[in-house]
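Colleague: Output the structure for:
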Amino acid sequence: MTALRSGVSRTTLALPLLLFGVLALAAPNFLAPQNLANVVGQITALLIVSLGQLLVALVAGIDLSVGSVMSLAGCLVATQPDPLWGMVLALLLGLAVGIANGLGVAVAGIHPLIMTLATATFLQGLAYLVLPIPGGEVAPALRSLADGSLWGVPQPLLWCALCAALVYGLLHRSRLGLHLFAVGAQARSAQLNGVRVVGVTVAAYVGCSLLAVVAGVYLAARVASGDPTMGASFGLESVTAVALGGVQLTGGVGSILGVLTGALSLGLITNGINLFGISPFLRGALTGALLLAAVCSQRRKVVGL
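Modeller: Presented below is the predicted three-dimensional model:
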């Protein structure tokens, strides 16, 4: 993949390295094994949901409902005694939400921001119905998949590697991946060349919602309970992560490496805020500022992006 198509630049690669160096020098406890393990655990959910956001961004879309999908998925697995049934319900949720979002955008012509914001509001209400307050209990079998290590490798890294491998195979080893880039670059030309634009767009939103479900299940398993608001910040943060990674929100440009650097940068910023004892409310302000800066540096050909 060329640098132009991936969106990866020296800046996107340098930012997490710079942040790592600054924290290593300025924060005495940053390099402690326990803190590094916490960083990995914190970044995992963001990376997984950002990989889904990448799929939607490639077709010039955006999905603000991923946070609510994560919250509802976590509530479902925390309130079901059978972890398998809870996973099935959560995946069916992701499938239904992805199809609804995709059809709303591609067939009904609703702007992605409006469509996914409406979906997010609806799902947030369902999350409160399923679990009004934080609680429930995630089955031990599911909790064990989010903690500890396997063959000496931290389990969160395995979640990241598996999801990244699946998205890589989709983007670079399948026809659908080529069609995602084609639709994002020029939907009209792609349609004239036989690409089913509606089907590709719906597939992108389905993939995004399913990855949001995986991120929500991981997060619930990590804290061993559900919370109807645990995914609230991930809608904006996932968009910021892909934008920082050079993914063009106008479509057709993006890469897994870029998403990784963006998610890592946000994760290091969050960890630095915790280590220096800075107010956590500043995190939201920084996320908004970074998103604005990242979008301002991109080419814009679609009104509203």
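
Colleague: Before we go further, Ile110 is sitting in a strand, right?
Modeller: No: with the criterion set as DSSP: H, G, I helix; E, B strand; the rest coil, the secondary structure at Ile110 is coil rather than a strand.

Colleague: what about the residue nearest to it when sequence neighbours are not counted, neighbour count?
Modeller: Closest residue in space to Ile110, ignoring its immediate chain neighbours: Gly104 at 4.7 Å, by C-beta to C-beta, 6 or more residues apart in numbering. Placement of C-beta: from N, CA and C, glycine included. Counted by other C-beta atoms under 10 Å, the residues lying close to Gly104 total 20.

Colleague: what about Gly104, helix or strand, and which?
Modeller: Using DSSP states H and E, the secondary-structure element containing Gly104 is helix 83-106.

Colleague: try Leu145
Modeller: Taking DSSP H and E as the definition, one finds Leu145 inside no helix or strand.

Colleague: Tell me who's in contact with it.
Modeller: If a contact means C-beta atoms under 8 Å, 6 or more residues apart in numbering, then Leu145 has 155, 221 as its contacts.

Colleague: Got phi/psi on it?
Modeller: Backbone torsions of Leu145, given as degrees, to the nearest 10, read phi -80, psi -10.

Colleague: what does Ala243 give?
Modeller: phi -70, psi -40.

Colleague: Then the one 3 residues further on?
Modeller: Gly246 has phi and psi values of phi 90, psi 10 when expressed as degrees, to the nearest 10.

Colleague: elements contacting the strand or helix carrying Gly169?
Modeller: According to DSSP H and E, Gly169 maps onto helix 155-172. If contacts are counted by 3 or more C-beta pairs under 8 Å, 6 or more residues apart in numbering; DSSP states H and E, helix 155-172 sits against helix 33-58, helix 175-185, helix 197-223, helix 256-275.

Colleague: Turn those helices into CSV, including mean neighbour count.
Modeller: Rendered in CSV, the data for these read as follows (neighbours: other C-beta atoms under 10 Å):
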stretch, mean neighbour count
helix 33-58, 24
helix 175-185, 20
helix 197-223, 25
helix 256-275, 22
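
Colleague: Mean pLDDT added to the ones you listed, as CSV?
Modeller: Converted to CSV, the helices and strands packed on helix 155-172 look like this (pLDDT from 0 to 100):
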stretch, mean pLDDT
helix 33-58, 93
helix 175-185, 94
helix 197-223, 96
helix 256-275, 92
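
Colleague: Which stretch among these approaches Ala27 most closely?
Modeller: Taking C-beta to C-beta as the measure, the helices and strands packed on helix 155-172 were each checked against Ala27, and helix 256-275 came out nearest at 4.4 Å.

Colleague: any idea which helix or strand comes after that closest one?
Modeller: Stepping forward along the backbone from helix 256-275, the first helix or strand reached (DSSP H and E) is helix 281-296.

Colleague: And for that following helix, what's in contact with it?
Modeller: Outside helix 281-296, the residues that touch it by C-beta under 8 Å, 6+ apart are 233, 236-237, 239-240, 243-244, 249, 266, 269-270, 273, 305.

Colleague: Farthest pair within those residues?
Modeller: Of all pairs in these, the most separated under C-beta to C-beta is Ile273 and Leu305 at 28.4 Å.

Colleague: which residues does the residue nearest to Ile110 contact?
Modeller: With C-beta under 8 Å, 6+ apart as the criterion, the residues that contact Gly104 are 110, 115, 119.

Colleague: Most neighbours among those residues, which one?
Modeller: Looking at those with neighbours defined as other C-beta under 10 Å, the largest count falls to Met115 at 25 neighbours.

Colleague: Am I right that that one is in contact with Leu103?
Modeller: No: with contacts defined as C-beta atoms under 8 Å, Met115 does not count as touching Leu103, sitting 9.2 Å away.

Colleague: Which neighbours do those two have in common?
Modeller: Taking C-beta under 8 Å, 6+ apart as the contact criterion, Met115 and Leu103 have no common neighbours.

Colleague: quick one: Val259 from Thr79, how far?
Modeller: Remark: distance between Val259 and Thr79 (C-beta to C-beta, to the nearest Å) = 31 Å.

Colleague: With Val239 instead?
Modeller: Relative to Thr79, and taking C-beta to C-beta, Val239 is found at 29 Å.

Colleague: Over to Gly102?
Modeller: The spacing between Gly102 and Thr79, counted by C-beta to C-beta, is 28 Å.

Colleague: And those two? Which one has more around it.
Modeller: Counted by other C-beta under 10 Å, Gly102 and Thr79 do not tie: Gly102 has more neighbours, with 28 against 17.

Colleague: Can you verify my assumption that the more buried one contacts Gly207?
Modeller: No: look at Gly102 against Gly207 with C-beta under 8 Å: they stay out of range, at 9.7 Å.
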